[in-house]
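Trainee: Just need the structure, nothing else, for what follows:
(2 chains)
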2 protein chains.
Amino acid sequence: MAARQPFLRYLNQLQAQRIDEELMSTHAFSIDQLMELAGLSVASVVEHTYQHQRSKPLLVVAGPGNNGGDALVAARHLKHFGFAPEVLYPKAPANPLYQRLVTQCKDLDIPFVADISSAVVDARYCMVLDGIFGFSFKGDIRAPFDAVIAALRATSTPIVSIDIPSGWDVELGNVSGQGLEPTVLVSLTAPKLCAQFFQKTGRAHYVGGRFVPRALAQKYNLATPKYVGSLQFAQWVDEDTSQ
Amino acid sequence: MAARQPFLRYLNQLQAQRIDEELMSTHAFSIDQLMELAGLSVASVVEHTYQHQRSKPLLVVAGPGNNGGDALVAARHLKHFGFAPEVLYPKAPANPLYQRLVTQCKDLDIPFVADISSAVVDARYCMVLDGIFGFSFKGDIRAPFDAVIAALRATSTPIVSIDIPSGWDVELGNVSGQGLEPTVLVSLTAPKLCAQFFQKTGRAHYVGGRFVPRALAQKYNLATPKYVGSLQFAQWVDEDTSQ
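Mentor: The predicted structure is shown next:
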């Protein structure tokens, strides 16, 4: 009998892209469903971690792609959870999906801010939710996000990153030295390779996106997070676990 | 100064339809988003109520409309929560939305059963999730659902109803005497008028669908449920509450 293969615990960029595509083709999910559950899981981690710091607003920074969409969904849920999110969305795409997510935020009276500085972030916000770049990120950090990330790097305000700390190489980590250094990381579906470098520091690492079909988990031999009850997130433990 | 208007606590059928339409037009939600959050809130109530009875499967009965869609979403989440749902879907529509929800259930190895009897329900299942009819229901209970509801009425297995106890008039309650008598009711968005008759018996009444924009709540002067933390459902208390 062959020994059991070790579980796949950290995805490379190609695996992450393929799993995302398969969720929306073979497994028949719409992007609306996946983004809603992903954003809700992120908001639930923030609520779990920062529930006693609701007296100050929090800043949600949304990038140009799906990571930004997850951030907009999280902003909406955080408002329902009693937080005071404000959104920085420097490059809002014309895509109707994102436009609808913006409308949903504005209908909850969530302010959209035009710009930030390190001083304003430190003075005004209890934390920053980083939804700038996700698992598709490649190459250099381009404008206007270079300035945004530089401003966030110069603050002492805690950062929660969605899926990838923005500016990090998806597989190699913060190789440019220009990426964010979050306090909390919420991996979606499964951690990407760069999360190993985050994990090593012992900071808070969660996983969300509780929608992976068994067939998909088996195909990739994914390690399954130990979700509890109806919670939409789980703590990620750095060891091999059974499915 | 005018006295404050009392909050609207129970919707009539027209109000329920209008609020649903406004969520998807003015407030820019897709049906995928609303159904995902509604189904998740229902599954969370079931987990909260029946978490210690997971040794037996539960039966999810899905009707031909959106209430059935909510039930399919709930079935999927319940499987992720460690329950063993089985689905009865006697009249699956050709609509691609519902077909995708069925695929998502089947990908989790959720069995679809072809028929039920009262004896099988009592022997096999710990509870029944009733997603047969929702706030659009009017007139008589037609085949094949007349036989399904009659079979469920003859069981002693607890029933959790989604939005409306199936067979009840949305405003007047169980006037035909042929409707289900659930143990738990999960109202979605806001309770409908018939929920007053359920509420009077003192059984467990929850509300889910934590997505109502403030502007919409204000327009209809809706009473807002007292949600806690990141929970997607709240207990419904039969008294006037502040927003």
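Trainee: do the lengthiest helix in chain A and chain B meet?
Mentor: Determined from DSSP state H, the single longest helix within chain A is helix A:31-50. Yes - with Cβ under 8 Å from any Cβ of the partner chain as the measure, helix A:31-50 is seen reaching chain B through A:32-33, A:36-37, A:40, A:43-44, A:47-48. From N, CA and C alone the C-beta is placed, and that goes for glycine too.
Trainee: Write out the residues of chain A neighbouring chain B.
Mentor: So far as Cβ under 8 Å from any Cβ goes, chain A lies against chain B at A:27-30, A:32-33, A:36-37, A:40, A:43-44, A:47-48, A:51, A:76-77, A:80-81, A:99-100, A:103-104, A:107-109, A:210-211, A:213-216, A:227, A:229-230, A:232.
Trainee: Now list the buried members of the residues you listed.
Mentor: A:27-30, A:32-33, A:36-37, A:40, A:43-44, A:47-48, A:76-77, A:80-81, A:100, A:104, A:107-108, A:210-211, A:213, A:216, A:227, A:230, A:232 (16 or more other Cβ atoms under 10 Å in any protein chain shown).
Trainee: which residues of chain A fall in helices?
Mentor: Counting by DSSP H, the helices of chain A are A:13-24, A:31-50, A:66-80, A:96-106, A:118-124, A:145-153, A:195-199, A:214-220.
Trainee: Comparing those helices, which comes out most buried?
Mentor: Among the helices of chain A, helix A:66-80 has the highest mean neighbour count (mean count of other Cβ atoms under 10 Å in any protein chain shown), at a mean of 26.
Trainee: So for that one, mean pLDDT?
Mentor: Mean per-residue pLDDT for helix A:66-80: 98.
Trainee: What of stretch A:126-144?
Mentor: 96.
Trainee: Export only the CA atoms of that stretch, formatted as PDB.
Mentor: Only the C-alpha atoms of stretch A:126-144 are listed here, as PDB (Å, rounded to 0.1, in the frame of the first residue of the first chain):
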ATOM      1  CA  CYS A 126      -8.400  51.600  14.700                       C
ATOM      2  CA  MET A 127      -7.200  49.300  11.900                       C
ATOM      3  CA  VAL A 128      -6.800  48.900   8.100                       C
ATOM      4  CA  LEU A 129      -8.400  46.200   6.000                       C
ATOM      5  CA  ASP A 130      -6.000  45.500   3.100                       C
ATOM      6  CA  GLY A 131      -7.900  44.400   0.000                       C
ATOM      7  CA  ILE A 132      -5.500  45.800  -2.500                       C
ATOM      8  CA  PHE A 133      -3.900  42.800  -4.300                       C
ATOM      9  CA  GLY A 134      -4.800  39.100  -4.200                       C
ATOM     10  CA  PHE A 135      -3.500  35.900  -5.700                       C
ATOM     11  CA  SER A 136      -3.300  37.300  -9.200                       C
ATOM     12  CA  PHE A 137      -0.700  39.900  -8.300                       C
ATOM     13  CA  LYS A 138       2.500  39.900 -10.400                       C
ATOM     14  CA  GLY A 139       5.300  42.300 -11.100                       C
ATOM     15  CA  ASP A 140       5.700  45.700  -9.700                       C
ATOM     16  CA  ILE A 141       3.400  47.700  -7.400                       C
ATOM     17  CA  ARG A 142       2.000  50.300  -9.800                       C
ATOM     18  CA  ALA A 143       0.500  53.800  -9.200                       C
ATOM     19  CA  PRO A 144      -1.700  54.700  -7.500                       C
END
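Trainee: And it, what's buried?
Mentor: Residues of stretch A:126-144 classed as buried: A:126-135, A:137, A:141 (neighbour count, 16+ other Cβ under 10 Å).
Trainee: Low-confidence bits of chain A, can you list those?
Mentor: A:1-4, A:239-243 (pLDDT under 70).
Trainee: which residues does the residue nearest the centre of it bridge with?
Mentor: Centroid-nearest residue in chain A: residue A:162, 1.4 Å away (criterion: Cα atoms, centre = their mean). In this entry, residue A:162 is beta-bridged to residue A:186, by DSSP bridges.
Trainee: hang on, isn't it packed against residue A:129?
Mentor: Yes - between residue A:162 and residue A:129 there is a contact under Cβ atoms under 8 Å: 7.1 Å.
Trainee: list residues touching both of those two?
Mentor: A:42, A:71, A:74 (Cβ atoms under 8 Å, 6 or more residues apart in numbering or on different chains).
Trainee: Please report how far the closest residue in space to the second one that isn't next to it in sequence lies from residue A:177.
Mentor: With Cβ to Cβ, 6 or more residues apart in numbering or on different chains as the criterion, residue A:71 has its nearest non-adjacent residue at 2.5 Å, and that residue is residue A:131. Spatial separation of residue A:131 from residue A:177 under the definition Cβ to Cβ, to the nearest Å is 22 Å.
Trainee: likewise residue A:57?
Mentor: From residue A:57 to residue A:177 the distance is 30 Å (Cβ to Cβ).
Trainee: Give me the more crowded residue out of these two.
Mentor: residue A:57 (17 against 7; other Cβ atoms under 10 Å in any protein chain shown).
Trainee: backbone phi and psi for that one, please?
Mentor: Dihedral pair for residue A:57: phi -70, psi 170, per degrees, to the nearest 10.
Trainee: Settle this for me: it is touching residue A:129, isn't it.
Mentor: No - in terms of Cβ under 8 Å, residue A:57 does not count as a neighbour of residue A:129; the distance is 11.3 Å.
Trainee: which neighbours do those two share?
Mentor: residue A:85.
Trainee: hang on, the earlier thing: let's see the longest helix of chain A as PDB, backbone CA atoms only.
Mentor: Taking C-alpha atoms only, helix A:31-50 is exported to PDB below (Å, rounded to 0.1, in the frame of the first residue of the first chain):
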ATOM      1  CA  ILE A  31     -18.700  35.100  -8.500                       C
ATOM      2  CA  ASP A  32     -21.400  36.900  -6.500                       C
ATOM      3  CA  GLN A  33     -21.700  33.800  -4.200                       C
ATOM      4  CA  LEU A  34     -18.000  33.300  -3.700                       C
ATOM      5  CA  MET A  35     -17.300  37.000  -3.100                       C
ATOM      6  CA  GLU A  36     -20.200  37.300  -0.600                       C
ATOM      7  CA  LEU A  37     -18.900  34.300   1.400                       C
ATOM      8  CA  ALA A  38     -15.300  35.400   1.200                       C
ATOM      9  CA  GLY A  39     -16.100  39.000   2.200                       C
ATOM     10  CA  LEU A  40     -18.300  37.800   5.100                       C
ATOM     11  CA  SER A  41     -15.500  35.500   6.400                       C
ATOM     12  CA  VAL A  42     -13.100  38.400   6.300                       C
ATOM     13  CA  ALA A  43     -15.500  40.700   8.200                       C
ATOM     14  CA  SER A  44     -16.100  37.900  10.700                       C
ATOM     15  CA  VAL A  45     -12.400  37.700  11.500                       C
ATOM     16  CA  VAL A  46     -12.200  41.400  11.900                       C
ATOM     17  CA  GLU A  47     -15.200  41.300  14.300                       C
ATOM     18  CA  HIS A  48     -13.600  38.500  16.200                       C
ATOM     19  CA  THR A  49     -10.300  40.300  16.500                       C
ATOM     20  CA  TYR A  50     -11.300  44.000  16.900                       C
END
